[in-house]
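My questions concern the predicted model and sequence given below.
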Amino acid sequence: MALERVNYNFTYPSYSQFFNDVLGTMSETWRDLEPMQKTPKGWMSTVKRYGVVAWKDLYYAVFLALLWTALRSVVTLYILKPIAIASSLGKKETRKAPESAWKLLFYSCTWSYSIYILFFTTHNYFYDAPSTFYGWRSGAEVPSEIYIAYMVQFSFYIHSVYATLFVDVWRKDSVVMLAHHFVTMLLIGFSYIFRFTNVGVLILFLHDITDILLEGTKLAVYYKTKGGWWYAVCDTISTIGFILFGVAWYVFRLYWYPLKAMYAAGYVSQMVTRDIAFYHFFNGLLWILLAMNVYWFMFIVNMAYKVLTGKANEVDDTREYEAFSDENGKTKKME
């Protein structure tokens, strides 16, 4: 049975404390499980006992996924692509710009909505991450504002699997991107089924901001191909955008994400109650997501190193398969 609240003086941990507390708690609680609970049959029993999902949730998710796919096609065909053509971008940039613009629009909307949830409602989870598990119980009603965020995000990642395979430009990390989409869908899906939605909305907030900065920076790089004063202005914007992107990636995904969300889910949750269903599976997915964040941060560090050492004279994207040159003969790889 979940406790309503504990008298627990919480301070955010150092990295060493984070690893010790979370991994130690996961190891201890794993040893405490009955042998049956560690088998597929035991997992299914846990799902049946604690998992709660309605058919309408699945209908909404599928409907919205189809809606995102149709909406993207219409917006790209009648708005984003004509703008790219009218902007006289390079051939490859004209093909790539609508993709970045679409993602920029989506993530700007979802991040703004998560700001509303975390800073303008009673869901004070950013400043008080441990409270994400206060009063946890199986089948608890999900607040409507969080339910909307979950349906929108889950359906969008269903759409994103299709888009990565058949719509988006294929890149060196596209396989990892697909894995990320599936991990994210599992996280969103299982956190909804087992009512970890409070910490879930915090995790979504901590990840969407970097996508906004990434897509905005890529658009600035694309518009450099217009030449003239556009090149100088967009070169400055892309450089500033890259710096902000790198800083935000570390702060949001490699600092706040593990020390706020993962620490709350992996350690503080067990201080509140030992009755949390699928604790190890959910936290295992969080660790996989952290590993992906570190993997992509390596691309950012690699790009920064090349620029600082003069091996690259401008911001590009080391994930691209092929480079191309602008009218000044400068190599680009940005998506």
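Structure received. Residues are numbered from 1 along each chain as shown.

Just the pLDDT at the residue nearest the centre of the chain, thanks.
By CA atoms, centre = their mean, the chain has its centre lying nearest to His207, at 4.0 Å. His207 carries a pLDDT value of 96.

Which helix or which strand is home to it?
If you go by DSSP states H and E, His207 is part of helix 197-223.

now that helix, how far from the centre of its chain.
The gap between where helix 197-223 is centred and where its chain is centred comes out at 7 Å by CA atoms, centre = their mean, to the nearest Å.

which helices and strands does that helix pack with?
If contacts are counted by 3 or more CB pairs under 8 Å, 6 or more residues apart in numbering; DSSP states H and E, helix 197-223 sits against helix 91-119, helix 144-166, helix 174-193, helix 229-248. (Each C-beta comes from the backbone N, C-alpha and C, glycine too.)

ends of stretch 275-283, how far apart?
Between the opening and closing residues of stretch 275-283 there is a gap of 15 Å (CA to CA, to the nearest Å).

got the buried residues for it?
Within stretch 275-283, the residues scored as buried using 16 or more other CB atoms under 10 Å are Ile276, Ala277, Phe278, Tyr279, His280, Phe282, Asn283.

Just the residues contacting it, thanks.
Outside stretch 275-283, the residues within contact range by CB atoms under 8 Å, 6 or more residues apart in numbering are 1-2, 22, 26, 29-30, 43, 46-47, 49-51, 133, 136, 138, 187, 190-191, 194, 196, 262, 265-266, 269-270.

how about a cut-off of 7 Å?
Residues external to stretch 275-283 that are found in contact with it (CB atoms under 7 Å, 6 or more residues apart in numbering): 1-2, 26, 29-30, 46, 50, 136, 138, 190-191, 194, 196, 265-266, 269.

Equivalent analysis for stretch 60-77, please.
By CB under 7 Å, 6+ apart, stretch 60-77 touches Pro98, Trp102, Met151, Val152, Phe154, Ser155, Phe156, Ile158, His159, Tyr162.

Tell me if I'm right that the fourth one and Thr110 touch.
Same thing as Val152. Yes: the pair Val152 and Thr110 qualifies as a contact (CB atoms under 7 Å) at a distance of 6.5 Å.

Could you name every residue contacting both of those two?
With CB under 7 Å, 6+ apart applied, the contact sets of Val152 and Thr110 do not overlap.

picking up where we left off before, check the gap between the residue nearest to the centre of the chain and Arg274 for me.
Distance, His207 to Arg274, using CB to CB, to the nearest Å: 28 Å.

What's the per-residue pLDDT of the closest residue in space to Trp102 that isn't next to it in sequence here?
Once flanking residues are discounted, Trp102 sits nearest to Arg72: 5.6 Å by CB to CB, 6 or more residues apart in numbering. The score at Arg72 is 96. That number is its pLDDT.

Arg72: neighbouring residues, count only.
Summarising burial for Arg72: neighbours were counted as other CB atoms under 10 Å, giving 22.

what do you get for Tyr127?
Neighbours around Tyr127, by other CB under 10 Å: 9.

same deal with Gly228?
A total of 7 residues lie near Gly228 under the criterion other CB under 10 Å.

Phi and psi next, for it.
Main-chain torsions, Gly228, degrees, to the nearest 10: phi 60, psi -140.

So Val52, which state does it fall into?
Recorded secondary structure, Val52: coil (DSSP: H, G, I helix; E, B strand; the rest coil).
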